[in-house]
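Participant: Got a sequence here, can you build the structure:
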Amino acid sequence: MLFQLPQSWSLNKRINEAKNESFESWADKTRYLSDQARSDNVVRVLTFPEISPTGNIDLIKEFDYTHNLVTDDGEIFYAKQGAGETPATNENFQQGRFEIGTIAYAEAEDDTYAEFSANSSAIANSRQTFTSGYPKTNDTADADNTGDAVDAVSYATNYSASSWNDSSVETGCIHDNASPVGGTKLLSVFSFTSFAKTSSDTLKVFVNHAFENQ
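Facilitator: Reported below is the predicted structural model:
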């Protein structure tokens, strides 16, 4: 994971003083050194209040990265988009929703909502439409989306502090249904390194799809 600290924290100075035991006890310094691989196309950004070494309360951004699996139905959606055809009403992922769950599982290309709901525990109130303006390509408007690219389509959702909270967040998916059933199609499904979202935290999730050497 990677943290983004306010400028007032003098992050570079703090990293250079990594032998300072009091700072090391506040946060594991290795979490500042994570790199995002191109394949890690899912970006989650948890923002939470923290007391700084100077005693101020600042908002900290915690970044973590993972990759997703585009389902068979997701591939059909992209094929129809590329051919200028209109996706069916149950596969219109341009107007989709994110949903977050508590238990990671082994995803498969033929997964539908039945597999997601059976293997993970969907978090109440996490079913939320895309952030306004998404999906989009070349997502330069939000610097938090470090997986953006001119050849990638980005999907995003923003959860407020009061939207939901859970002590063990591990998975998520994109579908297009306000009231999904077992057969509801998925665009993609993904797993996180387990983390907690409290009632003081906000959360952004970005999924970036690029097509390489097809």
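
Participant: what pairs with the top strand by length along the chain, and is each one parallel or antiparallel?
Facilitator: Secondary structure assigned by DSSP state E gives strand 186-197 as the longest strand of the chain. Partner strands for strand 186-197, per DSSP bridges, with pairing direction: strand 68-70 (antiparallel), strand 166-175 (antiparallel).

Participant: Quick one: closest of those to K80.
Facilitator: Nearest to K80 among the strands paired with strand 186-197 is strand 68-70 (13.8 Å), distances taken as CB to CB. No exception for glycine: its C-beta is placed from N, CA and C like everyone else's.

Participant: Give me the contacts around the helix or strand just after the closest one.
Facilitator: Next in sequence after strand 68-70, counting helices and strands by DSSP states H and E, comes helix 72-82. By CB atoms under 8 Å, 6 or more residues apart in numbering, the surrounding residues in contact with helix 72-82 are 70, 86-87, 91, 93, 109-110, 112, 185-188, 209.

Participant: Mind giving me the PyMOL select for these, buried ones only?
Facilitator: To isolate the buried members of those in PyMOL, using 16 or more other CB atoms under 10 Å:
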select buried, resi 70+87+91+93+112+185+186+187+188+209
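
Participant: With respect to P49, which of the contacts of helix 72-82 is nearest?
Facilitator: Using CB to CB, the contacts of helix 72-82 come closest to P49 at S188, 31.3 Å.

Participant: isn't that closest one right next to C173, touching?
Facilitator: Yes. At 6.7 Å, S188 counts as touching C173 under the criterion of CB atoms under 8 Å.

Participant: separation between the residue nearest to N41 when sequence neighbours are not counted and V153?
Facilitator: Computed as CB to CB, 6 or more residues apart in numbering, the closest residue to N41 that is not its neighbour in sequence is N208, at 4.4 Å. N208 sits 7 Å away from V153, going by CB to CB, to the nearest Å.

Participant: and the two? which has more neighbours close in?
Facilitator: N208 (24 against 21; other CB atoms under 10 Å).

Participant: The more buried one contacts T146, doesn't it?
Facilitator: No. Judged on CB under 8 Å, N208 makes no contact with T146 at a distance of 9.1 Å.

Participant: residues contacting the closest residue to T202 other than its chain neighbours?
Facilitator: Once flanking residues are discounted, T202 sits nearest to T47: 4.7 Å by CB to CB, 6+ apart. Taking CB under 8 Å, 6+ apart, we find T47 in contact with L59, I60, K61, E62, D201, T202, L203, K204.

Participant: Please repeat the previous calculation with a cut-off of 7 Å.
Facilitator: L59, I60, K61, D201, T202 (CB atoms under 7 Å, 6 or more residues apart in numbering).

Participant: among those residues, which ones are buried?
Facilitator: I60, K61, D201, T202.

Participant: Now do I100, the pLDDT please.
Facilitator: We note a pLDDT of 97 for I100 in this prediction.
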